[in-house]
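Student: Quick one, fold the following:
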Amino acid sequence: MAFEPVRVGCLGMGWWSDVLADAIVKSGKLKIVSCFTRSEEKKQAFAKKYGCSTAASYDAMLADPSIEAIINTTPNNVHLETTRAAAAAKKHVFLDKPIANTVADGNAITEACRKAGVVLALGYQRRRESHFRWIKEKIDAGVFGKLVNAEANISRDRLGKIDLSSWRYTAAGMPGGVMLQIGIHYADVLEYLMGPVKAVNGRFAQLVLPGDNPDVASLILEHENGALSTLNASYASASEYYLMNIYGKEASAYYDMHTGLRFLKRHTDRAEVVACTKNDAIVDELEEFAEAVRGNAHPEMDGAKSTRSLAVLLAGIQSAREGRRVEIQEVLANTK
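Tutor: Residues are numbered from 1 along each chain as shown. Coordinates of the predicted model:
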């Protein structure tokens, strides 16, 4: 039986909305039927590019019975308002990470969707990349033995490339700056591979970019299994770079964007290259969302998991601000 594409409305017309829309077109399991943003120019351009209609308002989009789900790329601080409205209208929601800027909002979003009986999925595509799936499979099979340590780096050069009027680059819109904006992806991968984080020590700095938000950040993550991870994120680097090294007692894996994935077993002195077929992780997560809407799957990153992911970053932000180690449970308990 052929899969019936999920009919979606796209809310928020920024650069990331186009990335998701391109993936939707590539997939075929979803279909863009409508779009809305407050900018008439952006709305019309998106509609022309993707062959959909334009909604006069968000309320009008939610009232359209032909729309089954909302692809929500609005600013973090309106995720609760926009997602709660979608849930009330019985629309499923694919929401860009982070789920919100506070744990309280994350919990409220999760509960609104649960009560309404609609699917809530969050966009954490990095964990789905084929090299990380390969590492996870080997960890789960016991190949790595006891996990002891990990190091990660996610860096970009944003000098001269940012719009200071965008919420993405302000302390109010994206508290924690680069760590909440892009570091959250590799914080999630570290939890995915190394296990849940118990506590965080963080340090943040603003070294190169203008504005009021950190462009360099470092976290030390204490995992519940005793392992330690370090995570560095930067918008002030010379170029784009991604690194993820996982160390176990019996084996280690080394990934970076230039050389790919390598694997080293204990008692050997040469790492072997692991050939991983590159996958489209964004298409994968959107197709999982479509399957969940059809009742065939559950989102890998749902509201509860995404709120906990947010708490790890908020613990790092709090640690940097107060100069102390912060436990995740302390952040999760803060419902203000």
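Student: hey, let's count contacts and neighbours off CA atoms from now on
Tutor: Will do.
Student: Compute the number of surrounding residues for Phe204.
Tutor: The number of residues packed around Phe204, counting by other CA atoms under 10 Å, is 24.
Student: quick one, phi psi at the closest residue to it other than its chain neighbours?
Tutor: Distances taken as CA to CA, 6 or more residues apart in numbering put Ala217 closest to Phe204, at 4.3 Å, once the chain neighbours are dropped. Note on Ala217: backbone dihedrals following degrees, to the nearest 10 are phi -150, psi 150.
Student: ok, Ala217 - contacts?
Tutor: Val178, Met179, Gly202, Arg203, Phe204, Ala205, Asn232, Ala233, Ser234 (CA atoms under 8 Å, 6 or more residues apart in numbering).
Student: hey, what's it bridged with?
Tutor: Beta bridges link Ala217 to Phe204, Ala233, judged by DSSP bridges.
Student: Point out where the stretch 151-300 of the chain drops to low pLDDT.
Tutor: Where the stretch 151-300 of the chain drops to pLDDT under 70, the residues are 160, 167, 171.
Student: switch to 90 and redo it
Tutor: Low-confidence segments of the stretch 151-300 of the chain (pLDDT under 90): 158-177, 209-213.
Student: need the helices for it, in chain order.
Tutor: Counting by DSSP state H, counting those that start in this stretch, the stretch 151-300 of the chain has helices at residues 178, 184-194, 281-293.
Student: Helix or strand next in line after the longest helix along the chain, which one?
Tutor: When the chain is parsed with DSSP state H, its longest helix is helix 303-322. Using DSSP states H and E, the helix or strand that follows helix 303-322 in sequence is strand 326-327.
Student: helices or strands next to that next one in the packing?
Tutor: The contact analysis (3 or more CA pairs under 8 Å, 6 or more residues apart in numbering; DSSP states H and E) places strand 326-327 against strand 197-205, helix 303-322.
Student: can you do 6 Å?
Tutor: Contacts defined by 3 or more CA pairs under 6 Å, 6 or more residues apart in numbering; DSSP states H and E place strand 326-327 against strand 197-205.
Student: Contacts for the strand it packs on, please.
Tutor: Strand 197-205 has contacts (CA atoms under 6 Å, 6 or more residues apart in numbering) with 214, 216-224, 316, 319-320, 325-328.
Student: What are the phi and psi values at Thr102?
Tutor: Dihedral angles of Thr102 (phi, psi; degrees, to the nearest 10) stand at phi -140, psi 150.
Student: Could you tell me the per-residue confidence at it?
Tutor: As predicted, Thr102 sits at a pLDDT of 96.
Student: Okay, it and Ala217: tell me how far apart.
Tutor: According to CA to CA, to the nearest Å, Thr102 and Ala217 sit 19 Å apart.
Student: quick one, strands of the stretch 101-250 of the chain?
Tutor: Using DSSP state E, counting those that start in this stretch, the strands of the stretch 101-250 of the chain run over 120-123, 147-157, 197-205, 216-223, 228-234, 236-248.
Student: Run through the neighbouring helices and strands of the fifth one.
Tutor: It refers to strand 228-234. strand 147-157, strand 216-223.
Student: Only C-alpha atoms, please: export the longest one in CSV.
Tutor: In this case it means strand 147-157. The C-alpha trace of strand 147-157 is given here as CSV (Å, rounded to 0.1, in the frame of the first residue of the first chain):
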residue,chain,number,x,y,z
LEU,A,147,33.2,3.9,28.0
VAL,A,148,35.7,6.3,29.6
ASN,A,149,36.1,9.5,27.7
ALA,A,150,35.0,11.5,24.7
GLU,A,151,36.0,14.8,23.0
ALA,A,152,33.9,16.8,20.5
ASN,A,153,34.2,20.0,18.6
ILE,A,154,31.7,21.8,16.4
SER,A,155,33.0,25.1,14.9
ARG,A,156,32.2,27.6,12.2
ASP,A,157,33.5,30.9,10.9
